[in-house]
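K.L.:
here you go, sequence then predicted model.
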Amino acid sequence: QQQVKQSPQSLIVQKGGISIINCAYENTAFDYFPWYQQFPGKGPALLIAIRPDVSEKKEGRFTISFNKSAKQFSLHIMDSQPGDSATYFCAASSGSNYQLIWGAGTKLIIKP
Amino acid sequence: DAGITQSPRYKITETGRQVTLMCHQTWSHSYMFWYRQDLGHGLRLIYYSAAADITDKGEVPDGYVVSRSKTENFPLTLESATRSQTSVYFCASRLGLAGDIDTQYFGPGTRLTVL
């Protein structure tokens, strides 16, 4: 019940296209859903996060869509650029528990 | 502002040796975390600490020891390294308050190879 399942494992998108990465969870107590971006040789960095009181959050080309009833959330990258090529991790946490439960990651490649 | 640093960045050791990975943060964040990252497993929590002298096990603590005598430092020790501990290790910190301030800040990682 603590797992966060992320798909796909890898994704290739043409420049200018839309990249979509999906995550699903079971624990209904989760109330914080961040996405982290990791470039090769670097540590992950927070990209965007959402709480379940909203169904969508947009920051620039990056959007999180959240479906509470389906217990799913997804990251959409609009107008994908080669510089977006990285590994993306979804995660979740609940209340005062400071531990993040991580998805397995998606390696995204944007082809020029 | 140095943020969060890890040392060494690369380490090669032999099976059975003791290895200590260092983590230092300059923000006075309450919470600190150690993760290992392996292909196909994403990030797995080894240990975390809520404050100085308070530590707790994560998902994969076996074979590792941590201490936190000062808020800014959180060393990770492999008491007797095994080949299965070959991995990239990340240290992270967060401010520690509930609510919106949930961001974990990661260090650059230590690539450890156990021969």
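P.N.:
Yep, it's here.
K.L.:
so what's the residue count around the residue of chain B found nearest chain A?
P.N.:
Nearest to chain A in chain B, going by C-beta to the nearest C-beta, is B:Phe106, at a distance of 3.0 Å. Quick note: C-beta positions are derived from backbone N, CA and C, even for glycine. A count of nearby residues for B:Phe106, using other C-beta atoms under 10 Å in any protein chain shown, gives 23.
K.L.:
contacting residues for B:Lys57?
P.N.:
Contacts were defined as C-beta atoms under 8 Å, 6 or more residues apart in numbering or on different chains; by that measure B:Lys57 touches B:Tyr47.
K.L.:
partner residues bridging it?
P.N.:
Going by DSSP bridges, B:Lys57 is paired in beta bridges with B:Tyr47.
K.L.:
next one: A:Ile64
P.N.:
The residues listed as beta-bridge partners of A:Ile64 by DSSP bridges are A:Lys57, A:Leu75.
K.L.:
count of residues packed around it?
P.N.:
The burial count for A:Ile64: 23, using other C-beta under 10 Å.
K.L.:
what kind of secondary structure is B:Ser84 in?
P.N.:
Reducing the assignment to helix, strand or coil with DSSP: H, G, I helix; E, B strand; the rest coil, the entry for B:Ser84 is helix.
K.L.:
name the nearest residue to B:Gln37, ignoring sequence neighbours.
P.N.:
Using C-beta to C-beta, 6 or more residues apart in numbering or on different chains and skipping the chain neighbours, the partner closest in space to B:Gln37 is B:Val88 (4.6 Å).
K.L.:
swap in B:Tyr10?
P.N.:
With C-beta to C-beta, 6+ apart as the criterion, B:Tyr10 has its nearest non-adjacent residue at 5.1 Å, and that residue is B:Arg111.
K.L.:
the residue of chain B closest to chain A reaches B:Arg94, doesn't it?
P.N.:
No - with contact defined as C-beta atoms under 8 Å, B:Phe106 and B:Arg94 do not form a contacting pair (10.2 Å).
K.L.:
before we move on, the earlier item: what's the spacing between the residue of chain B closest to chain A and B:Gly58?
P.N.:
Distance check for B:Phe106 against B:Gly58: by C-beta to C-beta, to the nearest Å, it reads 15 Å.
K.L.:
now the strands for chain B?
P.N.:
Per DSSP state E, chain B carries strands over the ranges B:4-7, B:10-13, B:19-25, B:31-38, B:42-51, B:54-57, B:64-66, B:76-78, B:87-94, B:105-106, B:110-114.
K.L.:
given the second one, what are its sheet partners and their directions?
P.N.:
Translated: strand B:10-13. Strand B:10-13 has the following strand partners under DSSP bridges: strand B:110-114 (parallel).
K.L.:
what does the strand it pairs with rub up against?
P.N.:
Residues from elsewhere that reach strand B:110-114 (C-beta under 8 Å, 6+ apart): B:6-15, B:19, B:21, B:78, B:81-90.
K.L.:
buried subset of the residues you listed, written for ChimeraX?
P.N.:
Those of these that count as buried under 16 or more other C-beta atoms under 10 Å in any protein chain shown are selected in ChimeraX with:
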select /B:6,11,13,19,21,78,81,85,86,87,88,89,90
